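Participant: got a structure for you, letters missing:
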(Lines give C-alpha, C1' and ligand atoms only; values in the text may rest on other atoms or scores of the structure.)
Protein backbone atom coordinates (compact mmCIF):
# COMPACT_ATOMS: atom_id res chain seq x y z
CA UNK A 1 0.00 0.00 0.00
CA UNK A 2 1.10 3.58 -0.70
CA UNK A 3 0.59 6.20 2.00
CA UNK A 4 1.32 9.92 1.99
CA UNK A 5 1.76 12.14 5.03
CA UNK A 6 1.44 15.90 4.62
CA UNK A 7 3.24 17.95 7.26
CA UNK A 8 3.03 21.75 7.38
CA UNK A 9 6.37 21.78 9.24
CA UNK A 10 9.04 19.15 9.84
CA UNK A 11 8.12 17.39 13.11
CA UNK A 12 4.33 17.48 12.55
CA UNK A 13 4.51 14.08 10.86
CA UNK A 14 6.27 12.57 13.88
CA UNK A 15 4.09 14.22 16.51
CA UNK A 16 0.89 13.30 14.68
CA UNK A 17 1.47 9.88 13.19
CA UNK A 18 5.10 8.85 13.65
CA UNK A 19 4.23 5.49 15.16
CA UNK A 20 1.67 4.80 12.45
CA UNK A 21 4.19 5.62 9.72
CA UNK A 22 6.72 3.26 11.28
CA UNK A 23 4.03 0.57 11.39
CA UNK A 24 3.24 1.11 7.71
CA UNK A 25 6.89 0.78 6.71
CA UNK A 26 7.35 -2.31 8.89
CA UNK A 27 4.39 -3.89 7.10
CA UNK A 28 6.04 -3.27 3.72
CA UNK A 29 3.97 -0.24 2.75
CA UNK A 30 5.49 2.62 0.76
CA UNK A 31 5.38 5.87 2.74
CA UNK A 32 6.06 9.33 1.30
CA UNK A 33 6.49 12.65 3.11
CA UNK A 34 5.47 16.17 2.11
CA UNK A 35 7.03 19.05 4.07
CA UNK A 36 5.05 22.10 3.04
CA UNK A 37 6.95 25.05 4.53
CA UNK A 38 10.51 26.21 4.90
CA UNK A 39 12.13 28.65 7.32
CA UNK A 40 13.58 31.83 5.89
CA UNK A 41 15.95 34.63 6.83
CA UNK A 42 15.99 36.94 8.73
CA UNK A 43 13.25 35.43 10.89
CA UNK A 44 15.47 32.37 11.33
CA UNK A 45 19.24 32.42 11.18
CA UNK A 46 21.15 30.73 8.37
CA UNK A 47 22.64 28.37 10.95
CA UNK A 48 19.20 27.34 12.25
CA UNK A 49 17.92 26.79 8.72
CA UNK A 50 20.92 24.63 7.81
CA UNK A 51 20.55 22.66 11.04
CA UNK A 52 16.89 21.97 10.29
CA UNK A 53 17.72 20.67 6.81
CA UNK A 54 20.22 18.27 8.37
CA UNK A 55 17.57 17.11 10.82
CA UNK A 56 15.15 16.48 7.96
CA UNK A 57 17.72 14.29 6.25
CA UNK A 58 18.20 12.21 9.40
CA UNK A 59 14.48 11.92 10.07
CA UNK A 60 13.75 10.89 6.49
CA UNK A 61 16.39 8.16 6.69
CA UNK A 62 15.03 6.99 10.05
CA UNK A 63 11.57 6.42 8.62
CA UNK A 64 12.76 5.00 5.32
CA UNK A 65 10.46 7.18 3.24
CA UNK A 66 10.11 6.12 -0.38
CA UNK A 67 9.83 9.74 -1.52
CA UNK A 68 10.26 13.12 0.13
CA UNK A 69 8.83 16.37 -1.21
CA UNK A 70 10.56 19.41 0.25
CA UNK A 71 8.39 22.41 -0.60
CA UNK A 72 9.43 26.00 0.04
CA UNK A 73 6.28 27.82 1.04
CA UNK A 74 7.03 30.34 3.84
CA UNK A 75 6.70 28.98 7.36
CA UNK A 76 4.19 30.81 9.58
CA UNK A 77 2.96 32.70 6.51
CA UNK A 78 0.90 30.17 4.58
CA UNK A 79 -2.14 32.38 4.97
CA UNK A 80 -0.42 34.80 2.55
CA UNK A 81 -0.06 32.14 -0.16
CA UNK A 82 -2.84 31.74 -2.76
CA UNK A 83 -4.64 28.51 -1.90
CA UNK A 84 -4.62 27.61 -5.59
CA UNK A 85 -0.81 27.40 -5.52
CA UNK A 86 -0.88 24.89 -2.67
CA UNK A 87 -3.67 22.88 -4.28
CA UNK A 88 -1.82 22.68 -7.59
CA UNK A 89 1.34 21.47 -5.86
CA UNK A 90 -0.55 18.89 -3.81
CA UNK A 91 -2.29 17.68 -6.98
CA UNK A 92 1.08 17.10 -8.64
CA UNK A 93 2.38 15.17 -5.65
CA UNK A 94 -0.71 13.00 -5.37
CA UNK A 95 -0.54 12.25 -9.09
CA UNK A 96 3.11 11.26 -8.63
CA UNK A 97 2.79 9.13 -5.49
CA UNK A 98 -0.68 7.73 -6.23
CA UNK A 99 -1.35 7.20 -2.51
CA UNK A 100 -4.17 5.02 -1.29
CA UNK A 101 -4.14 6.65 2.16
CA UNK A 102 -3.36 10.27 3.02
CA UNK A 103 -2.63 11.64 6.49
CA UNK A 104 -3.01 15.39 6.99
CA UNK A 105 -3.42 17.85 9.84
CA UNK A 106 -6.59 18.72 11.72
CA UNK A 107 -8.85 21.52 10.47
CA UNK A 108 -9.14 23.13 13.89
CA UNK A 109 -5.47 23.42 14.85
CA UNK A 110 -4.41 26.68 16.43
CA UNK A 111 -1.53 27.20 13.96
CA UNK A 112 -2.72 29.02 10.85
CA UNK A 113 -0.31 27.03 8.64
CA UNK A 114 -2.08 23.83 9.71
CA UNK A 115 -5.50 25.17 8.84
CA UNK A 116 -4.33 26.25 5.39
CA UNK A 117 -2.73 22.85 4.73
CA UNK A 118 -5.93 21.10 5.76
CA UNK A 119 -7.99 23.23 3.40
CA UNK A 120 -5.57 22.71 0.53
CA UNK A 121 -5.43 18.95 1.11
CA UNK A 122 -9.17 18.43 1.17
CA UNK A 123 -9.62 20.67 -1.86
CA UNK A 124 -6.87 18.91 -3.80
CA UNK A 125 -8.36 15.45 -3.28
CA UNK A 126 -11.91 16.24 -4.34
CA UNK A 127 -13.58 13.19 -5.77
CA UNK A 128 -14.09 14.74 -9.22
CA UNK A 129 -10.35 15.36 -9.66
CA UNK A 130 -9.28 12.53 -11.97
CA UNK A 131 -5.63 12.88 -10.92
CA UNK A 132 -6.55 11.80 -7.42
CA UNK A 133 -8.40 8.59 -8.15
CA UNK A 134 -7.21 5.83 -5.87
CA UNK A 135 -7.20 7.83 -2.62
CA UNK A 136 -9.43 5.55 -0.60
CA UNK A 137 -8.79 6.89 2.90
CA UNK A 138 -8.22 10.44 4.11
CA UNK A 139 -7.40 10.95 7.80
CA UNK A 140 -6.40 13.90 9.94
CA UNK A 141 -3.94 13.53 12.80
CA UNK A 142 -3.57 15.52 16.01
CA UNK A 143 -0.46 17.58 16.60
CA UNK A 144 0.32 18.03 20.28
CA UNK A 145 0.90 21.74 21.09
CA UNK A 146 -1.37 22.79 18.21
CA UNK A 147 -4.49 20.61 18.15
CA UNK A 148 -4.80 20.70 21.92
CA UNK A 149 -4.04 24.43 22.12
CA UNK A 150 -7.22 25.49 20.32
CA UNK A 151 -10.14 26.51 22.56
CA UNK A 152 -12.74 23.79 21.94
CA UNK A 153 -15.79 24.56 19.86
CA UNK A 154 -18.01 22.46 17.58
CA UNK A 155 -15.93 23.53 14.58
CA UNK A 156 -12.46 23.05 16.02
CA UNK A 157 -12.58 20.09 18.41
CA UNK A 158 -10.62 16.96 17.45
CA UNK A 159 -12.99 13.97 17.61
CA UNK A 160 -11.00 10.79 16.89
CA UNK A 161 -12.79 7.79 15.46
CA UNK A 162 -9.81 5.78 14.16
CA UNK A 163 -6.99 4.44 16.34
CA UNK A 164 -3.70 2.77 15.47
CA UNK A 165 -1.91 0.57 18.00
CA UNK A 166 1.69 1.82 18.00
CA UNK A 167 2.88 -0.05 21.09
CA UNK A 168 5.85 -1.71 19.33
CA UNK A 169 6.84 1.61 17.72
CA UNK A 170 6.43 4.18 20.48
CA UNK A 171 10.07 4.17 21.60
CA UNK A 172 11.31 4.57 18.03
CA UNK A 173 8.87 7.45 17.50
CA UNK A 174 10.35 9.20 20.53
CA UNK A 175 13.87 8.58 19.25
CA UNK A 176 12.99 10.16 15.92
CA UNK A 177 11.34 13.12 17.62
CA UNK A 178 14.57 13.62 19.54
CA UNK A 179 16.35 14.21 16.22
CA UNK A 180 14.54 17.54 16.07
CA UNK A 181 16.89 19.33 18.41
CA UNK A 182 15.33 22.54 19.62
CA UNK A 183 11.77 21.31 19.07
CA UNK A 184 11.61 18.93 22.03
CA UNK A 185 10.39 20.76 25.13
CA UNK A 186 11.34 20.18 28.76
CA UNK A 187 8.57 18.55 30.78
CA UNK A 188 5.76 19.50 31.44
CA UNK A 189 5.54 21.50 28.20
CA UNK A 190 3.54 19.92 25.35
CA UNK A 191 6.36 18.65 23.13
CA UNK A 192 8.26 17.01 25.95
CA UNK A 193 8.91 13.34 25.28
CA UNK A 194 7.00 12.56 28.48
CA UNK A 195 4.00 14.50 27.16
CA UNK A 196 4.10 12.70 23.81
CA UNK A 197 4.23 9.37 25.64
CA UNK A 198 1.35 10.42 27.89
CA UNK A 199 -0.87 11.27 24.91
CA UNK A 200 -0.07 7.91 23.29
CA UNK A 201 -0.90 6.15 26.55
CA UNK A 202 -4.20 8.04 26.86
CA UNK A 203 -5.18 7.24 23.29
CA UNK A 204 -4.17 3.63 23.85
CA UNK A 205 -6.29 3.36 26.98
CA UNK A 206 -9.28 4.49 24.91
CA UNK A 207 -9.02 1.31 22.83
CA UNK A 208 -7.51 -1.01 25.45
CA UNK A 209 -3.97 -1.06 24.13
CA UNK A 210 -0.78 0.30 25.67
CA UNK A 211 0.00 3.06 23.18
CA UNK A 212 -1.97 4.40 20.22
CA UNK A 213 -2.30 7.32 17.84
CA UNK A 214 -5.72 8.77 17.08
CA UNK A 215 -7.19 10.10 13.85
CA UNK A 216 -10.34 11.60 12.44
CA UNK A 217 -11.61 9.72 9.40
CA UNK A 218 -12.53 12.33 6.81
CA UNK A 219 -13.34 10.07 3.88
CA UNK A 220 -13.23 6.39 3.09
CA UNK A 221 -13.98 4.43 -0.06
CA UNK A 222 -14.41 0.70 0.37
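Facilitator: Nice, I can see it. Predicted model only: the values in this text are computed from it and were never measured.
Participant: For the host helix or strand of residue 86, name the packing helices and strands.
Facilitator: Element membership for residue 86 (DSSP states H and E) is helix 83-97. Counting contacts by 3 or more CB pairs under 8 Å, 6 or more residues apart in numbering; DSSP states H and E, helix 83-97 is packed against strand 2-7, strand 30-38, strand 67-74, helix 112-124. For the C-beta atoms, the positions are set from N, CA and C on the backbone; glycine is no exception.
Participant: for those, which one ends up most surrounded?
Facilitator: strand 2-7 (a mean of 25; mean count of other CB atoms under 10 Å).
Participant: What is it packed up against?
Facilitator: Packed against strand 2-7, as judged by 3+ CB pairs under 8 Å, 6+ apart, are the following elements: helix 12-26, strand 30-38, helix 83-97, strand 101-105.
Participant: again, only using 10 Å
Facilitator: When contacts are defined as 3 or more CB pairs under 10 Å, 6 or more residues apart in numbering; DSSP states H and E, strand 2-7 packs onto helix 12-26, strand 30-38, strand 67-74, helix 83-97, strand 101-105, helix 112-124, strand 137-141.
Participant: what's the average pLDDT for that strand?
Facilitator: Mean per-residue pLDDT for strand 2-7: 98.
Participant: neighbouring strands for that strand, and are they parallel or not?
Facilitator: Applying DSSP bridges, strand 2-7 is found paired with strand 30-38 (parallel), strand 101-105 (parallel).
Participant: ok, longest helix in the chain?
Facilitator: helix 46-63 (DSSP state H).
Participant: Show me what that one is in contact with.
Facilitator: The contact list for helix 46-63 (CB atoms under 10 Å, 6 or more residues apart in numbering) reads 5, 9-11, 13-14, 18, 21-22, 24-25, 31, 33, 35, 38-41, 43-45, 65, 67-68, 70, 75, 172-173, 175-177, 179-183.
Participant: Show me where this structure dips below the pLDDT cut-off.
Facilitator: Within the chain, the set of residues satisfying pLDDT under 70 comprises 128-133.
Participant: 80 instead, please
Facilitator: Within the chain, the stretches with pLDDT under 80 are 127-133.
Participant: Residue most distant from the centroid, it?
Facilitator: Here the centre of the chain is the reference, and by CA atoms, centre = their mean the most remote residue is residue 42, at 26.1 Å.
Participant: what about that residue, which helix or strand?
Facilitator: Counting by DSSP H and E, residue 42 is part of no helix or strand.
Participant: Could you report the distance from it to residue 74?
Facilitator: Distance, residue 42 to residue 74, using CB to CB, to the nearest Å: 13 Å.
Participant: repeat for residue 44
Facilitator: Going from residue 44 to residue 74 by CB to CB gives 11 Å.
Participant: Now render the helices and strands packed on helix 83-97 as JSON lines, adding distance to residue 221.
Facilitator: Shown next, in JSON lines, are the helices and strands packed on helix 83-97 (distance: least, CB to CB, whole Å):
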{"stretch": "strand 2-7", "distance to residue 221": "15"}
{"stretch": "strand 30-38", "distance to residue 221": "19"}
{"stretch": "strand 67-74", "distance to residue 221": "23"}
{"stretch": "helix 112-124", "distance to residue 221": "15"}
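Participant: Could you point out which of those sits nearest residue 215?
Facilitator: strand 2-7 (11.5 Å; CB to CB).
Participant: what angle separates that closest one from helix 12-26?
Facilitator: Interaxial angle, strand 2-7 versus helix 12-26 (axes from the mean of the first three to the mean of the last three CA atoms, to 10 degrees): 170 degrees.
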